[in-house]
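Chemist: what follows is a predicted protein model with its sequence.
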Amino acid sequence: MDILIKNATIITCNAQNEVLKGDILIKSGRIARIAENIELSIYEQSSVKVIEGKDLIAIPGLINAHTHCGQTILRSFADDLPLYEWLFEKIFPAEEKLTKEMIYFSSLLGIAEMLKNGTTMFFDMYFHEDMTAKAVQQAGIKAVLSRGLQTDEKEDIRLDETKELIYNYSSDKIKVFFGPHSIYTCSYVLLEKVAQLAQEFKTGVMIHLSESENEVNECYEKHDMSPVKLCSRAGLFDTICIAAHCVYVDDEDIEIMAEKNVSCVYNPTSNLKLGNGFAPVQNMIKSGVNVAIGTDSAASNNNLNMLEEMHIASLLEKGMYRLSDILKAEQILKMATVNAAMAAGIYNTGVLHEGFCADIVLLKANDFNMLPCYNPISNVVYSSNPSNVYATIVDGQILYMDGKLFTIDEEALVKEIKSIEKFLKESI
Ligand SMILES: CSC[C@H]1O[C@@H](n2cnc3c(O)ncnc32)[C@H](O)[C@@H]1O
Ligand SMILES: [Zn+2]
């Protein structure tokens with residue numbers, strides 16, 4: 001059904017950072033018109049759902065630019081550990097126990113959480129990624145998916161799984177990238193192979209990059225160069241490249257990233273929680289690097305809440321640089337919307353603009369924590385929480401409204417998750 005949102009406060013995230021008061025008409029999944037007052041013709045009145053928006057703020061759907069949705073089932077499984085201990089001693093062994101079915105429900109759980117906090121698209125890397133793809137199709141959210149790649153005896157099988165994902169799941173809502181996990185789990189030869197395949201399949205890559213001091217030190221010991229230089233030399237930057245973390249990047253790395261159009265995904269909570277530190281986001285932005293925001297997974301965050309991630313992202317950088325006027329609210333909101341879309345080479349979402357996909361989130365402007373409202377963008381970035389999300393709309397389809405998910409059976413999902421939790425508690 002087509003939708004008319006009336007009298008809303010519209011944060012466009014366009015180049016002029018326009019905030020308008022008016023109406024949004026959604027037709028066939030696209031934003032057909034944005035204007036001060038849109039009247040429906042007599043013919044349209046029966047086929048268009050009208051949402052009164054005078055107490056609502058409309059923003060472009062949030063894009064979680066780095067997560068592992070299938071890992072949601074490991075929320076709070078291993079906390080308060082440094083990255084390598086967390087990953088190699090706790091998470092990798094636990095992941096051996098996860099079945100395809102578990103990853104389907106785990107992904108659905110992550111998606112349900114994201115829809116409730118206003119996320120309309122996420123970028124993901126995991127195994128059994130076909131299960132995450134099925135959950136994405138079921139829920140109606142958008143995603144850029146990748147099968148995580150590592151060097152071992154199953155390396156070729158994983159590359160084949162990526163190709164199968166591309167053939168079976170690429171669509172208007174799903175894009176498939178290659179997902180080399182990192183420079184410390186992938187051989188240089190694999191990185192080169194991935195670079196070639198990404199070009200051959202006309203797609204992109206996503207990788208964890210320069211996340212910890214260990215990673216960088218080991219890279220210098222083994223290759224006598226930084227992880228960024230290594231990836232560049234392997235050709236990974238000759239296609240669309242989304243680099244998660246980039247905590248330990250120096251000026252030379254940043255110059256390479258800017259020149260090669262590599263996008264950084266800033267994951268402040270995960271970087272803090274795993275004790276890795278803070279990414280030099282301001283330096284990257286100043287040098288022209290496109291920066292988006294991600295939550296990383298529920299196993300390292302421990303939630304998938306993009307509203308919270310925007311808030312922390314801003315505060316952390318201000319504190320780290322001791323400058324209060326950097327990463328202002330409007331810049332942060334763009335990082336969580338249009339910058340993420342651009343990072344994946346998607347140019348029809350992330351902005352509330354006529355002709356763009358109707359990926360829209362409506363927030364309740366009159367909730368106590370959203371009042372008063374001198375600046376709606378500030379309220380969204382600094383004051384909001386998921387309870388303020390009234391509706392999450394993807395391609396014009398209402399997936400969440402007024403506390404209800406329309407494509408996910410919440411009760412059945414809770415039952416499935418509890419039963420997986422019981423099994424994992426007994427077996428790990
Ligand atoms: C092989 S599928 C993806 C792989 O990545 C792991 N993972 C999740 N978060 C992080 C992180 O912050 N750094 C490195 N690796 C991470 C996840 O457990 C999967 O095994
Ligand atoms: Zn990650």
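Modeler: Received the coordinates, thanks. Ligands and ions are numbered 1, 2, ... in the order given.
Chemist: show me which residues of the stretch 51-200 of the chain sit near ligand 1.
Modeler: Residues of the stretch 51-200 of the chain lying near ligand 1 by Cβ under 6 Å from any ligand atom: 68, 71, 87, 91, 95, 125, 126, 127, 148, 150, 181, 182. All C-beta atoms are positioned from the backbone trio N, CA, C, and that covers glycine.
Chemist: quick one: which of these is most hemmed in?
Modeler: Using other Cβ atoms under 10 Å as the neighbour test, these are led by residue 125, with 29 neighbours.
Chemist: mind pulling up the pLDDT for the closest residue to that residue other than its chain neighbours?
Modeler: Nearest residue to residue 125, sequence neighbours excluded (Cβ to Cβ, 6 or more residues apart in numbering): residue 179, at 4.1 Å. For residue 179, the pLDDT comes out at 98.
Chemist: mind jotting down where the strands sit in the stretch 151-300 of the chain?
Modeler: Per DSSP state E, counting those that start in this stretch, the stretch 151-300 of the chain carries strands over the ranges 174-176, 179-180, 205-209, 241-245, 263-266, 291-293.
Chemist: and the second one, which strands flank it?
Modeler: According to DSSP bridges, the neighbouring strands of strand 179-180, each with its direction, are strand 142-149 (parallel).
Chemist: relative to strand 205-209, how tilted is the partner strand?
Modeler: Orientation check (axes from the mean of the first three to the mean of the last three Cα atoms, to 10 degrees): strand 142-149 against strand 205-209 gives 60 degrees.
Chemist: okay, the angle between strand 142-149 and strand 241-245?
Modeler: Using the same axes, to 10 degrees: strand 142-149 against strand 241-245 is 80 degrees.
Chemist: what pLDDT does residue 410 get?
Modeler: On pLDDT, residue 410 comes in at 98.
Chemist: between the residues of the stretch 51-200 of the chain next to ligand 1, which is nearest ligand 1?
Modeler: Of all these, residue 148 has the smallest distance to ligand 1: 2.3 Å, by Cβ to the nearest ligand atom.
Chemist: please name the nearest non-neighbouring residue to the residue nearest the centre of the chain.
Modeler: Central residue of the chain (Cα atoms, centre = their mean): residue 64, 1.6 Å from the mean position. The shortest distance from residue 64 to any non-neighbouring residue, by Cβ to Cβ, 6+ apart, is to residue 122 (4.1 Å).
Chemist: assumed that neighbour was part of a strand.
Modeler: Yes. Judged by DSSP: H, G, I helix; E, B strand; the rest coil, residue 122 forms part of a strand.
Chemist: show me the beta-bridge partners of it.
Modeler: residue 64, residue 143.
Chemist: could I get the contacting residues of it?
Modeler: Taking Cβ atoms under 8 Å, 6 or more residues apart in numbering, we find residue 122 in contact with 63-65, 67, 69, 110-111, 114, 141-144, 304.
Chemist: likewise residue 108?
Modeler: Residue 108 neighbours (Cβ under 8 Å, 6+ apart): 135, 138, 139, 408, 413.
Chemist: next one: residue 95
Modeler: Shown in contact with residue 95 (Cβ under 8 Å, 6+ apart): 71, 74, 127.
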